[in-house]
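Participant: build me a model from this:
(one chain, ligands or ions: 1)
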Amino acid sequence: MTAHSNIYPTKALQDLDAAHHWHPFSDMKSLNKEGSRVIIRADGVWLTDSEGNRILDGMAGLWCVQVGHGRKEIADAVYRQMNELAYYNTFFKTTHPPVIALSEKLAKLAPDHINTVFYCSSGSEANDTVFRMVRTYWDKMGKPDKKVIIGRWNGYHGSTLAGTSLGGMKGMHAQGDLPVPGVHHIDQPYWFGEGHEMSPDEFGVHAARKLEQAIDEIGEDKIAAFIAEPIQGAGGVIIPPETYWPEIRRILKERDILFVSDEVICGFGRLGEWFGSTHYGMEADLMPIAKGLTSGYLPMGGVMVSDRVAEGLMLAGEEFYHGYTYSGHPACAAAALANLEIIEREGLVERVKSDIGPYLKERWLKLGDHPLVGEARMTGLVGALELVPDKKNPHKPFREVGAAGVICRDTSFGNGMVMRAVRDSMIISPPLVLTHEEADFLVATVEKTLDDTYRTLMRDGWL
Ligand code: PMP
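Facilitator: Sure thing, here's the model as predicted:
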């Protein structure tokens, strides 16, 4: 079979897939029985499957296709680079023009105190890099006891050893006996799910002070860093109350620990700024990046390093024994440059802030009136709906968490739109090029999906 086997019937593709392809984050036994949906092409915000259905990609792939699918100019840039220099490494005193140009570009886009990038191929690798970097930084600063990294329950930082450990997904920790030693988790700022006995503002401060308590308990002299996503994505688009980040900022100012803002989802315009930490007025010491860096056209990640950390790591004049064969890969760097050029030329970051972001948000929040929805929330171009069994008692969950979410997700796919379920939260993160008409289609489809889901849940005795 060739890579372009559009001529094969869906069933044949599904059978071959089931026989030989192990999917990420999947129950392979049930997936193989059911058969995967085969996506064969995409253009703009639209996916086409092997049955000819057009589906609105409400998740921008996996939160990454900022500029939309099918941008020939990125493919052309990669083609040109591959003909010139398809691969060379950046170890052992070598470099190449695309990685130089990309690094200069990223330094310009980042806040003033961040001027260097360490490259890798994914968000997980970026956080593995962070893990070693923060500990090595403190060694170099003559404080080798500062080793503990504080993350948050239900945070997501990837699925490698360090990524899984820094993240706070208990189901992931259970597979592989993680976290590794030296990681501590504090509660997340999830008002709807965990804080509704207080006002959102009170709860924001309360959740932030968990950091202060952890620092006091463990000892500031033992803590290397605090890592957090500006908005938790995979955890269910948890948008913290407005008081959360200002209180974290106060605590970090008083304590000598590094702040790592995981920008893998929130970076590159998702919140209407180049970086999510900027949206919340936070100054990060390290920023892991991936996804929107290339809009997913080729795999690339990195860690943006502040001058403070870069200078600290360089202090002893010793090698940082860390790097990947594909660190700064020329073709990926060319894809990233072409992608960033599109984002800039089309003003996509500003568009999220003052055009499509507010346009979609206004309509999205109205979905909060639906009888199945306990809360609708959105910031920038990332949002969630909390499905609840009893709108009058909205914080009471379904008797079995997750079943309603899966029904709603599958219904949404059937109605022509990708919407993901996390527990019973429905989440979206569409491409930044979404037009007003497409936003209208998105909201109308979600409304229909909620109606259909409501009927199914009634029929099956969930409500
Ligand atoms: N950090 C965050 C915030 C993420 O959302 C993700 C991926 N969803 C990662 C890290 C890991 O990135 P990757 O899947 O590219 O390894």
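
Participant: so the residue positioned nearest the centre of the chain, which state does it fall into?
Facilitator: The residue lying closest to the centre of the chain (CA atoms, centre = their mean) is Ile265, at 3.0 Å. With DSSP: H, G, I helix; E, B strand; the rest coil as the basis, Ile265 sits in coil.

Participant: ok, now Ile40?
Facilitator: Per three-state DSSP, Ile40 ends up strand.

Participant: now do the one 3 residues further on
Facilitator: Recorded secondary structure, Asp43: strand (three-state DSSP).

Participant: ok, the residue nearest to it when sequence neighbours are not counted - contacts?
Facilitator: Using CB to CB, 6 or more residues apart in numbering and skipping residues adjacent in sequence, the residue nearest Asp43 is Gly70, 4.0 Å away. The C-beta positions use only the backbone N, C-alpha and C, and glycine is treated the same way. By CB atoms under 8 Å, 6 or more residues apart in numbering, the residues touching Gly70 are 41-44.

Participant: list just the nearest of those to the ligand.
Facilitator: Distance to the ligand across those (CB to the nearest ligand atom) is lowest for Ala42, with 18.9 Å.

Participant: just give the number of residues close to Asp15.
Facilitator: Using other CB atoms under 10 Å, Asp15 is surrounded by 14 other residues.

Participant: need the contacts of Gly70 in a markdown table with distance to Met133, can you?
Facilitator: Converted to a markdown table, the contacts of Gly70 look like this (distance: CB to CB, whole Å):
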| residue | distance to Met133 |
| --- | --- |
| Arg41 | 39 |
| Ala42 | 35 |
| Asp43 | 39 |
| Gly44 | 38 |
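
Participant: tell me the one of the residues you listed nearest Glu350?
Facilitator: The nearest member of the contacts of Gly70 to Glu350, counting by CB to CB, is Gly44 at 19.5 Å.

Participant: burial check on the nearest residue to that closest one once chain neighbours are set aside, number of neighbours?
Facilitator: In space, and not counting its chain neighbours, Gly44 is closest to Gly68: 4.6 Å by CB to CB, 6+ apart. Using other CB under 10 Å, Gly68 has 22 neighbouring residues.

Participant: give the burial count for the residue in the chain positioned nearest to the ligand, as a bare number.
Facilitator: In the chain, the residue that lies nearest the ligand is Gly123 (2.3 Å; CB to the nearest ligand atom). Gly123 is flanked by 30 other residues according to other CB under 10 Å.

Participant: what sits against it?
Facilitator: Residues in contact with Gly123 (CB under 8 Å, 6+ apart) are 157-158, 163, 262, 264, 288-291, 301.

Participant: among the residues you listed, which are within reach of the ligand?
Facilitator: Within the set of the contacts of Gly123, contact with the ligand (CB under 6 Å from any ligand atom) is found for 157-158, 163, 262, 264, 290, 301.

Participant: got phi/psi on the residue of the chain closest to the ligand?
Facilitator: Note on Gly123: its backbone torsions stand at phi -70, psi -40 [degrees, to the nearest 10].

Participant: same question, the one 4 residues further on
Facilitator: Phi and psi for Asn127, reported as degrees, to the nearest 10, are phi -80, psi -30.

Participant: who touches it in this structure?
Facilitator: Taking CB under 8 Å, 6+ apart, we find Asn127 in contact with 157-158, 160, 162-163, 166, 227, 262, 288.

Participant: tell me which of those is nearest to Gln81?
Facilitator: For the contacts of Asn127, the closest approach to Gln81 (CB to CB) belongs to Pro288, at 24.3 Å.

Participant: now for the closest one, how many residues are close by?
Facilitator: 33.

Participant: cool, Trp138 as well?
Facilitator: 22.

Participant: so it, which state does it fall into?
Facilitator: Look at Trp138: counting by three-state DSSP, its state is helix.

Participant: burial of the closest residue to it other than its chain neighbours, as a residue count?
Facilitator: Spatial nearest neighbour of Trp138, chain neighbours left out: Lys146 (3.9 Å); criterion: CB to CB, 6+ apart. Lys146 has 23 neighbours, counted by other CB under 10 Å.

Participant: so who does Lys146 touch?
Facilitator: Residues near Lys146 by CB under 8 Å, 6+ apart: 135, 138, 221-224, 257.

Participant: tabulate the residues you listed (TSV), appending distance to Ser50.
Facilitator: Shown next, in TSV, are the contacts of Lys146 (distance: CB to CB, whole Å):
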residue	distance to Ser50
Arg135	47
Trp138	52
Asp221	58
Lys222	54
Ile223	51
Ala224	48
Ile257	50
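
Participant: possible to save these as a markdown table with pLDDT?
Facilitator: Formatted as a markdown table, the contacts of Lys146 follow (pLDDT from 0 to 100):
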| residue | pLDDT |
| --- | --- |
| Arg135 | 98 |
| Trp138 | 97 |
| Asp221 | 98 |
| Lys222 | 98 |
| Ile223 | 98 |
| Ala224 | 98 |
| Ile257 | 98 |
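
Participant: mind picking the two most distant members of the residues you listed?
Facilitator: It's Arg135 and Asp221 that sit farthest apart of the contacts of Lys146, by CB to CB, at 14.1 Å.

Participant: the more surrounded of these two?
Facilitator: Comparing Arg135 with Asp221 by other CB under 10 Å, the one with more neighbours is Arg135, at 18 against 11.

Participant: show the pLDDT at the nearest residue to Leu381 once chain neighbours are set aside.
Facilitator: Of all residues not flanking Leu381 in the chain, Val352 sits nearest, at 5.1 Å (CB to CB, 6+ apart). You'll see Val352 listed with a pLDDT of 98.
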